[in-house]
Structure formats: C-alpha cells, structure tokens
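S.K.: Task: produce atomic coordinates for the following.
(chains A and B)
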Amino acid sequence: MSTQTGTLGPIAAPAHGYTPLLELATREVFAIMLGAGLQPVLGLEQSSTAEFTAMVGLAGQLCGVISLRCNTPTAIAIATRMLGLPASDGDSAVWDALGELCNMIAGDFKGKINGLADRCLLSVPTVIRGGDYRMRSLTDRETIEVSLLFEGAPIWVSLELHS
Amino acid sequence: MKALRALIVDDSSVMRKIVERSLRQAGLELSQVLEASNGVEALSIAQEQEVDLILSDINMPVMDGLEFVRQLQGLENRKKVPVVMITTEGSESRVVQALSCGACGYLRKPFTPDQVREHVLPVLKGVL
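M.R.: Model (predicted):
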C-alpha cells in the first residue's frame, strides 16, 4: 500500500490540519495489520462507550498524546484479526494488540509530517480499561478526533497536542 | 530452501506472533522460532542456541534493540547472524543508527508479507 506524505509544518500548523493525516494513518494501519477497511461513522454508532483506551506519547518537535479507544467486543475483534486466532475477554493479547495498533498509528502519523520523523519520539504504549474515568491532559492546543467504524462498531483515534 | 531457526525479539507477544506469521507468509520455512521480550532475554538465547536470523524491535524495556545488536556484535560466534530491526520508528536517523550498530536490514511497522520478503530475503544470502 502506498503512503501519503503531508506537507504541514510540525509546529505552526493548527491541530485540525492534522486530521486527514491521522485518519489516513489509522486506515492504513488497520488495512495492513488487520486486512480491514474502516467505514465512516454515520451517527447512531456514536452512542457506544469506549472501554479500552490505548495511548502513545509524542515527545520532541510535536508533543502530545495519541489515543485509540473502543468498546470491549471491538477490542476482542481487533485482537482476533491481528492474531489470526480467537481472542477472548481477559486475554492479555487484547491489551497488547490495542497498544501495538496505537503505536503503529502514531508512528505512521508522524511519518506523514515532513521533517517530523527524526524530531519526534514515541513512548511505549499504555493501555487502560474501563470507562469510568476522567483524563486531564496539560494540553493548551486543540484536540482532534477521528471516528471510524470497524466491523460496524466505532473506534476513536484522538490527538491531543501540547505546545 | 533451508529451514531457518529464527529469534523474534519484541516486548509485545502479539507482534511476535505477527512477525512469525509474516515470515511464513513471506515464504520462509522456519524449523524453530525462539521468542524474547527484550534485549537481555534475546542475548541469553543467542548465546545458548544457534539461530540463523534475528528480527528485533527497537523500543523495548530492560534492553532496547539497538543495545542488543551492539552486544550481539561482541559475541564472536554470533556476530554474523543477520539481524533485521522492526519498529514504528521509520526515521532516517533511526535506520542509520540501527545499521551502524550492526543490523543488516530495517522493516517499518506496519508491514505486509511482501515487505517482509523484500527486506528479509536479501540479508539471508549467506544463510539460505
């Protein structure tokens, strides 16, 4: 699959300018690693609750957090597709798969921004489970979010940028 | 084609399985697949067992992939084992860094079986 490279400057560009690149990175990673095409969200699916959240930090010329969220059945379906074997709730592979996917989305995303690949490092992924939490990031720039459907269920990929 | 003994090094068990599957899908016959979740474990395995090919992640806890390759070069009977780095960090400086440490190739995640074939087969010229 060919990749597309953006021409946005890494610091000056408004965060919303990164939305197409974040969506493209997400689509590419799902297509390559899961053989899955992601569909646009039409509205009704948005009521689903995210129970798994995978996060990868960006540090360097672009600082922030990229997260991937989905509900439990979707997380299990993702792990099953990645492994090629049935995964189940409570299986550590589910956590592992989401963390790796988020890591790859973050890597693919930063690789699409000219000059950023060498000037931005990724943290190791962190995965948390549960929907009853609040997250407060010390972000003072925009947060962008991409919502797409994987096997009919929503996934959310967001980028919170810090100055 | 010779059946290979491969060592796959990644802190993610899912990625280790995906790498193994991709190697097989790329047409490589594997007689044995050894797994390690960091560089320290990988060094220990490489010292004790014969391997024909190593695929290693870079960002790992305990000992990262670059340090692992550096230390592998210090093992007289193992320094000729081809090592392909696999990572999300696809920057040019990372590639140069990996190759200067002793890696023979570089594969960026996400990858397809075709890309595995393209990047792994060339480093196996002296093995197959």
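S.K.: from chain B, which residue is nearest to chain A?
M.R.: In chain B, the residue found nearest to chain A is residue B:88; the distance is 2.9 Å by Cβ to the nearest Cβ. Where C-beta positions appear, they are placed from N, C-alpha and C, glycine not excepted.
S.K.: quick one, strands of the chain?
M.R.: As the question left the chain open, I've gone with chain A. Under the criterion DSSP state E, chain A carries strands at the ranges A:39-40, A:52-60, A:63-70, A:120-122, A:126-129, A:143-150, A:153-162.
S.K.: My question was about chain B, not that one.
M.R.: Assigned by DSSP E, the strands in chain B fall at B:4-9, B:30-36, B:53-57, B:83-87, B:105-108.
S.K.: got those as a markdown table, with mean neighbour count columns?
M.R.: Shown next, in a markdown table, are the strands of chain B (neighbours: other Cβ atoms under 10 Å in any protein chain shown):
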| stretch | mean neighbour count |
| --- | --- |
| strand B:4-9 | 23 |
| strand B:30-36 | 16 |
| strand B:53-57 | 26 |
| strand B:83-87 | 25 |
| strand B:105-108 | 20 |
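S.K.: so can I have TSV of those showing mean pLDDT?
M.R.: Output for the strands of chain B, formatted as TSV (pLDDT from 0 to 100):
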stretch	mean pLDDT
strand B:4-9	96
strand B:30-36	96
strand B:53-57	96
strand B:83-87	92
strand B:105-108	91
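S.K.: Name the residues linked to the residue nearest in space to the middle of chain B by a beta bridge.
M.R.: Among the residues of chain B, the one closest to the centroid is residue B:55, at 1.2 Å (Cα atoms, centre = their mean). Bridge pairing for residue B:55 (DSSP bridges) gives the partners residue B:8, residue B:84.
S.K.: Give me the longest helix you can find in chain A.
M.R.: helix A:92-111 (DSSP state H).
S.K.: Name the residues of that one that are buried.
M.R.: Buried residues in helix A:92-111, counted by 16 or more other Cβ atoms under 10 Å in any protein chain shown: A:93-111.
S.K.: ditto for stretch A:24-39
M.R.: Buried residues in stretch A:24-39, counted by 16+ other Cβ under 10 Å: A:24-30, A:32-34, A:36, A:38.
S.K.: Equivalent analysis for stretch B:59-77, please.
M.R.: Buried positions in stretch B:59-77, judged by neighbour count with 16+ other Cβ under 10 Å: B:59-60, B:63-73.
S.K.: Just the terminal-to-terminal distance for that stretch.
M.R.: Start-to-end span of stretch B:59-77 (Cα to Cα, to the nearest Å) is 25 Å.
S.K.: what stretches of chain A score poorly on pLDDT?
M.R.: A:1-15, A:43-47, A:135-141, A:163 (pLDDT under 70).
S.K.: For chain B, find the nearest of the strands of chain A.
M.R.: Nearest of the strands of chain A (Cβ to the nearest Cβ): strand A:120-122, 6.4 Å.
S.K.: Packing partners of that closest one?
M.R.: strand A:52-60, helix A:92-111 (3 or more Cβ pairs under 8 Å, 6 or more residues apart in numbering or on different chains; DSSP states H and E).
S.K.: re the thing from before, what subset of the buried residues of stretch B:59-77 is also close to chain A?
M.R.: Filtering the buried residues of stretch B:59-77 for neighbours of chain A using Cβ under 8 Å from any Cβ of the partner chain leaves residue B:59.
S.K.: Take the buried residues of stretch B:59-77 and write them to TSV, including pLDDT.
M.R.: Shown next, in TSV, are these (pLDDT from 0 to 100):
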residue	pLDDT
B:59	86
B:60	88
B:63	94
B:64	92
B:65	93
B:66	93
B:67	95
B:68	95
B:69	94
B:70	94
B:71	94
B:72	94
B:73	91
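S.K.: Just give the closest residue to the residue of chain B closest to chain A, not the sequence neighbours.
M.R.: With sequence-adjacent residues excluded and distances taken as Cβ to Cβ, 6 or more residues apart in numbering or on different chains, residue B:88 is closest to residue A:107, at 2.9 Å.
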